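**Student:** quick one, what's the 3D model for this:
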Amino acid sequence: MNLVLIGFRATGKTTVGKLLANKLLLEFMDADELIEKRFGFTITEMFQQGHESLFRMLESDLINELSKYDSRVIAVGGGAIMKYKNYKNLKRRGVIFLLEADIDTIYERILADDKTRTQRPRLTDLELRQEIKKLLEFRHHYYHRSCDCVINTANRRPREVLEEILHYLRQEGHIPP
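**Tutor:** Model prediction:
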């Protein structure tokens, strides 16, 4: 069984994913980082060059590959779960956790994190706060239909989020008490 983290950027997928993998002695795999390493260019570069559709195809291929593994912690990009085949592949061997936060928290985290601010592409021409709002509204249904457990990460430390995930896994019998 894989543990899959989905959600908008800056909700803690990578940070919490690394903690979770370390705690359970599992390998952590970040889909966005794997794509960048494998193909030698950043996601931002792909989007700036008008290759979003190529990125989404590479992302789907990678998710299909990752979903064949077992006992991994996998973090996927914020838009990955909108494709039904990505959801089905991740769900096949995974428990899916939605990490979410409010618009203001995401906005502040993006501004505070150089990598998130500079290495992740803008997806609209809107001001950042408006972009976040628009995309969250659009993706809400996709996120919520896909997950087994929703965890709000706003105003919470990564270790608190980790403990909530572990509690859920124990309660559902996925890990020993």
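**Student:** considering helices and strands only, name the one in this structure with the lowest mean pLDDT.
**Tutor:** Ranked by mean pLDDT, DSSP states H and E, the weakest helix or strand in the chain is helix 114-119, scoring a mean of 58.
**Student:** list the helices and strands the next helix or strand after it packs on?
**Tutor:** Reading on from helix 114-119 to the C-terminus, the next helix or strand found by DSSP states H and E is helix 128-146. Under the contact definition 3 or more CB pairs under 8 Å, 6 or more residues apart in numbering; DSSP states H and E, helix 128-146 sits against helix 84-92, strand 94-100, helix 103-112. Heads up, the C-betas are built off the backbone N, CA and C, glycines and all.
**Student:** and among the ones you listed, the most buried is which?
**Tutor:** Ranked by average neighbour count under the criterion mean count of other CB atoms under 10 Å, these are headed by strand 94-100 at a mean of 23.
**Student:** export it to PDB, keeping only CA atoms.
**Tutor:** Extracted as PDB, the C-alpha positions of strand 94-100 are listed here (Å, rounded to 0.1, in the frame of the first residue of the first chain):
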ATOM      1  CA  GLY A  94      -2.900   3.700  -2.200                       C
ATOM      2  CA  VAL A  95      -4.600   5.600   0.600                       C
ATOM      3  CA  ILE A  96      -5.000   9.200  -0.600                       C
ATOM      4  CA  PHE A  97      -4.600  12.100   1.800                       C
ATOM      5  CA  LEU A  98      -5.800  15.600   0.800                       C
ATOM      6  CA  LEU A  99      -3.700  18.300   2.400                       C
ATOM      7  CA  GLU A 100      -5.500  21.600   2.200                       C
END
